[in-house]
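Trainee: Following is a predicted model, sequence given first.
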Amino acid sequence: MKEDSDSYFSIKNIWKIAYPIILGSLAQDIITVVDTAFIGRLGEIELGGAAIGSVFYLAIVMIGWGFGLGVQILVARRFGENNIPAINKVIFHSFFILLMLALSVFAIIRIFDIKIFSSIIKSAAISEESLKYINIRVFGIFAAFMNINFRAFYIGTSNTKIISYTTALMALINIGLDYLLIFGIGGFPEMGIQGAALASVIAEYCALLYFIVSAIKSKKNTPYKLLKLQRPDWHFAKGIFSVATPTMIQNFISLSAWFFFFLMVEKMGETPLAISNIIRSIYIVVLIPIMGFSSATNTLVSYAIGNKTKKDIWPIIKRTLALTIGCVACLVLIALVFPKQIIGSYTSIKSIANATLPVFYVIMLASFTLAFGFVLFQAVSGTGNTKTALLIEVIVLCGYLLGIMLTTTSNAPSIILVWSMEFCYGIGLGTLSLLYLKYGKWHLKEI
């Protein structure tokens, strides 16, 4: 199962691991783009409500996503060691843990959702729309958490093609149901923002079904015995928690910062919030290659340590960073050729489109700093030093959120200046990660 390290860490193989993740992310982000484009036709209030509702949901999902990142690190390390039984044990226990997390999150949201939104959102109309969205969207949390664990397994074992298949399926189902349920086409009920939420929930469960069928049918998965029941080992589960809990907290606070961002922007008014929802939708498309290559970096660094080839870690980082910046540059160049057409696909309100354009240029430039920051940060996580990664994230986010507070509460708040804080986040994350990789004692970490 092992390969020569020179070929395994080549640019060709980095791309081989990353591109299915990128395709999968593309399909996932198409869902967000289409949701935003459809809901944008309903009105400014609905667009703002969907923005806050979807970011809140993503912040909750990041609890599972962060735990899955820890699982991915462990799987990649055992894959590097060629320890197949240990991979099976990690996946079994993480399924159980994620199910418990999903149940807890679901219960908390269902009990406190009205109090949460009514107390933090200034506009009663936007609060109402956000609640409509989240009350349906939360039912997808179980499928989302289980899908995260499957993703962790496939990325950790460098078998990433299935991720692109599942997310493509999810995107197709979600887009089709969006059209039918938001506007009430072909005899379906006209559900508005709730239709977008229901479409996403159904799509997530379809993706889970595909993962389960593949786990049963695929011969590649036979050695791993993914769905085989075994006796729980609580000491082993504690070991998973020690690696995964910091990444779980880190991802949660990272997306919570986005939620805080939108809450602060909402206090600026409904128009800045609508602009920010459009920008977020565009921004995440540009971030697709960044997330794909960052995830590959995480896996390859952990594999290299498990394979006793730590000398390859810096070449991995340099090659992945070059590929990431190259892909981002291509997307940015295309976007800069058609800025008005891209923004116009989200809204037909000319005043909003015109106000969005300057922010569009800001995030195009900021995406390069995110490429620098995310790749180096995921390299830190890949070493297994997840507590250090959490500390780096907390330090950077404190500065980022302080900047958001100052720019949104100034005497003359500017949405352009608010979004400029993305530069601070990317540069800060990359700089601290680089310093740790150069001078930290990550090579002594055992997981």
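Mentor: Received the coordinates, thanks.

Trainee: and whatever helix or strand Asp178 lives in, what does it pack onto?
Mentor: Secondary structure assignment for Asp178, by DSSP states H and E: helix 161-183. If you count contacts as 3 or more Cβ pairs under 8 Å, 6 or more residues apart in numbering; DSSP states H and E, helix 161-183 packs onto helix 11-40, helix 141-156, helix 193-217. From N, CA and C alone the C-beta is placed, and that goes for glycine too.

Trainee: surely Val394 meets Phe252?
Mentor: No. At 11.5 Å, Val394 and Phe252 do not qualify as touching, with contact defined as Cβ atoms under 8 Å.

Trainee: which one of these two has more residues nearby?
Mentor: Higher neighbour count among Val394 and Phe252: Phe252, with 19 against 13, using other Cβ atoms under 10 Å.

Trainee: Just confirm the more buried one contacts Phe56, I think it does.
Mentor: No. Counting by Cβ under 8 Å, Phe252 does not reach Phe56; the two are 11.9 Å apart.

Trainee: who touches Ile334 in this structure?
Mentor: The contact partners of Ile334, taken as Cβ atoms under 8 Å, 6 or more residues apart in numbering, number zero.

Trainee: Show me what counts as buried in the helix or strand encompassing it.
Mentor: For Ile334, the host element (DSSP H and E) is helix 313-337. Using 16 or more other Cβ atoms under 10 Å as the test for burial, helix 313-337 gives 313, 315-317, 319-321, 323-325, 327-328, 331-332, 335.

Trainee: In those residues, find the pair that's most separated.
Mentor: Ile313 and Ala335 (32.5 Å; Cβ to Cβ).

Trainee: Distance check, Ser433 against Trp314.
Mentor: According to Cβ to Cβ, to the nearest Å, Ser433 and Trp314 sit 13 Å apart.

Trainee: Give me the contacts around the host helix or strand of Leu435.
Mentor: For Leu435, the host element (DSSP H and E) is helix 421-439. The contact list for helix 421-439, computed with Cβ under 8 Å, 6+ apart, reads 317, 362-363, 365-366, 368-377, 379-380, 383, 385, 388, 392-393, 395-397, 399-400, 403-404, 407, 442.

Trainee: Of those residues, which belong to helices?
Mentor: Among those, the residues falling in helices (DSSP state H) are 317, 362-363, 365-366, 368-377, 379-380, 388, 392-393, 395-397, 399-400, 403-404, 407.

Trainee: Drop anything exposed from those.
Mentor: Here, 16+ other Cβ under 10 Å leaves 317, 362-363, 366, 368-377, 379-380, 388, 392-393, 396-397, 400, 403-404, 407 buried among the ones in helices among the contacts of helix 421-439.

Trainee: and the angle from the helix or strand hosting Asn354 to helix 421-439?
Mentor: Using DSSP H and E, Asn354 sits in helix 350-382. Helix 350-382 runs at 10 degrees relative to helix 421-439, counting by axes from the mean of the first three to the mean of the last three Cα atoms, to 10 degrees.

Trainee: which helices and strands sit right next to helix 350-382?
Mentor: For helix 350-382, the packing partners by 3+ Cβ pairs under 8 Å, 6+ apart come out as helix 44-81, helix 270-286, helix 288-306, helix 313-337, helix 339-344, helix 386-408, helix 415-419, helix 421-439.
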